[in-house]
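Enquirer: the following block contains a protein sequence and its predicted model.
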Amino acid sequence: MTIAAEAERTRDAATGASDPALEHWDAVVIGAGLSGMYQLLKLRQMGFKARVYEAGSDVGGTWYWNRYPGCRFDSESWTYGFSFSPEVLKEWSWSEHFSGQPDNLRYCNFLADKFDLRRDITFDARVKAATWDDAAGEWELSFEDGGRARARFLITAIGPLSAPTMPVIPGAGDFKGEAWHTGLWPHHPVSFAGKRVAVIGTGASGVQAITEIAKTVGHLTVFQRTPNWCTPLRNSRIAPEEMAEIRARYAEIFAQCRDNWGCFIHTADPRHATDVTPEEREAFFEKLYAMPGFAFWQGNFRDVLMDKAANDAMTAFVTRKIRARLKDQKIADKLIPTNHGYGTRRVPLESGYFEVYNQPNVKLVDLRDTPIERIDATGIRTSDTHYDFDMIIFATGFDAITGAFDRIDITGRGGRKLRQKWADGPHTYLGLNVEGFPNMLTLVGPHNAATFCNIPRCIEQNVDFVTTLLDHMRQKGLARVEATQEAEEAWTAHVHDTGSRLLAMQVDSWMTGVNKNVAGRQKRTFMAYAGGAPKYRQKCEEIAANGYEGFRLG
Ligand code: NA7
């Protein structure tokens, strides 16, 4: 036996490679949503032996799990699709400017079919733990069904909003009727006709679901704890001729997104809100309000999300718009937020949301006046009434950004736990790696630009960075990459510095890491990089050009 063969035999004995239940790969990816699919394709193109493990039974991530009625893009469809493949751009047609979940999932399936991705994906495989083996220089994954896999590189593609949370309400499991969470919606059709339906939660998911359910429901009761500022989506269909025009402009569209803070098509106006007269300001607000998508949020004066006075002007405008749409001004009082300004939480875009509350078969329960005391077998009891229901829908959100990491027991070098390291908020380098966790690359993790981004645009950037890094390592014969302590501290401080300039940091929301239903998530923290995607990309490019400075390579 040669020395090399003996070394391999010894390693296999130590790591269990001869164990038929143990799979061995160059790289494993957790998650088969958009980022996992694109990463798989790139690894495959580079000749890496790669495997994707996915908890769901098929591809799609967000679009696989969030099947609730009304679920659709808030980004223009034609800015959301992947840009990397001219063939995909040519062959795929969007039929709406803001495409609905069924079409979005079809798009994910189209990608999986086109690139024959499923042959390298194991479905129904939920990762329970990931442990770094320092001697072998490998990660070992273990799955809920008892299976195991090993790889040199661990790439997480687990999404920013993939750990749904139920409300902490006594008796939440006692209800005997139908009960669904928007983020875990069933695959079979759900009918609301003739039923008494409750919705708890009025975030982006709740707003979309409520508007759609109200069209067919017997009676709907909405339990609102915090109202959100919502502005019109203004969706419309895309005729084949218009799709052809869009297709001809793809290069220009993606270039425009590339230069934008959040990779959206709406570019902030270079003026401050106070640079113009009140009349001009009003006219500009009217113009933006009449436009589709995030125009009013992302295309507004440059200071509306950072300066309180500018934000107040925008907020007062939206207040007037909401009031004009409601018949009962007492209901308007409840639906208009009072504890935060417009755009300082994720803005739900709506298609007739406020008009729902003009319907005689819809009731709004303000939980600030009458909190829920418990859920029981037949319905919901608040401090003043018991409501009977046939169905309760929990639109109660997610343990955002770090929640999906926390669900996996991740152990790095020297036995350190990621959960412990991030207990007081994330610490990362570029949001792509964590000191003490070698060879773990986090595609849509905390502290990178993806969270505040038109997400596939940032996914492409992050996957390309990771792919180029792995290629560089292979060419140089390097086996290990890990952020230095200093680089991690400097990046984390930079994330805090850029984040603190946003008014959004003064507000509780999933964007600031607050979830009242999860222990340890009551305090605001800096979850995402707020310096914008262009600056983030530039930083990544500089770091790569300087031999991946800030990373220890070996
Ligand atoms: P969000 O935006 O986190 O919204 C969750 C909603 O659920 C929000 O209105 C919460 O009120 C409400 N909630 C949570 N727990 C309770 C309890 N215990 N009682 C009453 N109400 C509760 O999640 P979404 O799914 O709507 O949206 C997440 C993102 O997905 C969205 O922004 C898009 O980017 C895609 P609270 O505000 O905490 O008072």
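Expert: Right, received. Where do you want to start?

Enquirer: dihedrals phi and psi, T122?
Expert: phi -100, psi 120 (degrees, to the nearest 10).

Enquirer: what does the longest helix seen in the chain rub up against?
Expert: For the chain, the longest helix by residue count, based on DSSP state H, is helix 455-476. Contact partners of helix 455-476, identified using Cβ atoms under 8 Å, 6 or more residues apart in numbering, comprise 27, 34-35, 38-39, 42-43, 46, 48, 79-84, 153, 155, 160, 254, 257-258, 263, 432, 441, 443-444, 448-450, 478-479, 481, 533, 536-537, 540, 544, 548, 551, 553. No exception for glycine: its C-beta is placed from N, CA and C like everyone else's.

Enquirer: the residues you listed in strands, which ones?
Expert: 27, 153, 155, 441, 481, 551, 553 (DSSP state E).

Enquirer: do a quick rundown of the strands in the stretch 351-500 of the chain.
Expert: For the stretch 351-500 of the chain, the strands defined by DSSP state E, counting those that start in this stretch cover 362-366, 372-375, 379-382, 386-388, 391-394, 409-411, 440-442, 481-483.

Enquirer: number of residues surrounding D424?
Expert: Neighbour count of D424, defined by other Cβ atoms under 10 Å: 10.

Enquirer: now render the strands of the stretch 351-500 of the chain as JSON lines, adding mean pLDDT.
Expert: Shown next, in JSON lines, are the strands of the stretch 351-500 of the chain (pLDDT from 0 to 100):
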{"stretch": "strand 362-366", "mean pLDDT": "98"}
{"stretch": "strand 372-375", "mean pLDDT": "98"}
{"stretch": "strand 379-382", "mean pLDDT": "98"}
{"stretch": "strand 386-388", "mean pLDDT": "98"}
{"stretch": "strand 391-394", "mean pLDDT": "98"}
{"stretch": "strand 409-411", "mean pLDDT": "98"}
{"stretch": "strand 440-442", "mean pLDDT": "98"}
{"stretch": "strand 481-483", "mean pLDDT": "98"}
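
Enquirer: from Q475, how far off is the closest residue to the ligand within the chain?
Expert: Per Cβ to the nearest ligand atom, G203 is where the chain lies closest to the ligand, at 2.2 Å. Using Cβ to Cβ, to the nearest Å, one gets 45 Å for the distance from G203 to Q475.

Enquirer: neighbour count for these two, which is higher?
Expert: G203 (19 against 8).

Enquirer: what's near enough to touch the more buried one?
Expert: 228, 346, 348, 395, 397, 510 are the contacts of G203 under Cβ under 8 Å, 6+ apart.

Enquirer: helix, strand or coil for the second one?
Expert: Secondary structure, DSSP: H, G, I helix; E, B strand; the rest coil: R346 is coil.

Enquirer: and it, how many neighbours?
Expert: 18.

Enquirer: verify the stated contact: N260 with P534.
Expert: Yes: in terms of Cβ atoms under 8 Å, N260 counts as a neighbour of P534; the distance is 7.5 Å.

Enquirer: which one of those two has more residues nearby?
Expert: N260 (22 against 14).

Enquirer: in contact with the spatially closest residue to the more buried one that is not a sequence neighbour: list those residues for me.
Expert: Counting by Cβ to Cβ, 6 or more residues apart in numbering, the nearest residue to N260 once its immediate chain neighbours are dropped is T267, at 5.5 Å. Shown in contact with T267 (Cβ under 8 Å, 6+ apart): 256, 259-260, 298-299.

Enquirer: give me every residue in the chain lying close to the ligand.
Expert: 161, 167-169, 182, 200-206, 223, 225-226, 346, 367, 395-398, 510, 516-517 (Cβ under 6 Å from any ligand atom).

Enquirer: please repeat the previous calculation with a cut-off of 5 Å.
Expert: Within the chain, the positions near the ligand by Cβ under 5 Å from any ligand atom are 161, 167, 201-205, 225-226, 346, 396-397, 510.

Enquirer: just put these in TSV and tack on pLDDT and distance to A324.
Expert: As requested, the residues of the chain next to the ligand are exported to TSV (pLDDT from 0 to 100; distance: Cβ to Cβ, whole Å):
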residue	pLDDT	distance to A324
L161	95	32
P167	96	32
G201	98	25
T202	98	20
G203	98	24
A204	98	23
S205	98	26
R225	97	25
T226	97	22
R346	94	24
T396	98	30
G397	97	29
W510	92	29
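
Enquirer: tell me the one of these nearest W422?
Expert: W510 (15.7 Å; Cβ to Cβ).

Enquirer: isn't the closest one right next to T402, touching?
Expert: No: using Cβ under 8 Å, W510 is not in contact with T402; the gap is 10.7 Å.

Enquirer: what segments of the stretch 51-200 of the chain are strands?
Expert: Under DSSP E, counting those that start in this stretch, the stretch 51-200 of the chain gives strands at 121-122, 127-133, 138-143, 148-156, 178-181, 196-200.

Enquirer: possible to save the ones you listed as a markdown table with mean pLDDT and mean neighbour count?
Expert: Listed next are the strands of the stretch 51-200 of the chain as a markdown table, based on pLDDT from 0 to 100; neighbours: other Cβ atoms under 10 Å:
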| stretch | mean pLDDT | mean neighbour count |
| --- | --- | --- |
| strand 121-122 | 98 | 18 |
| strand 127-133 | 98 | 18 |
| strand 138-143 | 98 | 21 |
| strand 148-156 | 98 | 23 |
| strand 178-181 | 98 | 18 |
| strand 196-200 | 98 | 24 |
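
Enquirer: export those as TSV, with columns for distance to Y53.
Expert: Converted to TSV, these look like this (distance: least, Cβ to Cβ, whole Å):
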stretch	distance to Y53
strand 121-122	5
strand 127-133	6
strand 138-143	7
strand 148-156	7
strand 178-181	23
strand 196-200	32
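
Enquirer: give me the distance between the two termini of stretch 366-382.
Expert: By Cα to Cα, to the nearest Å, the extent of stretch 366-382 from end to end equals 10 Å.
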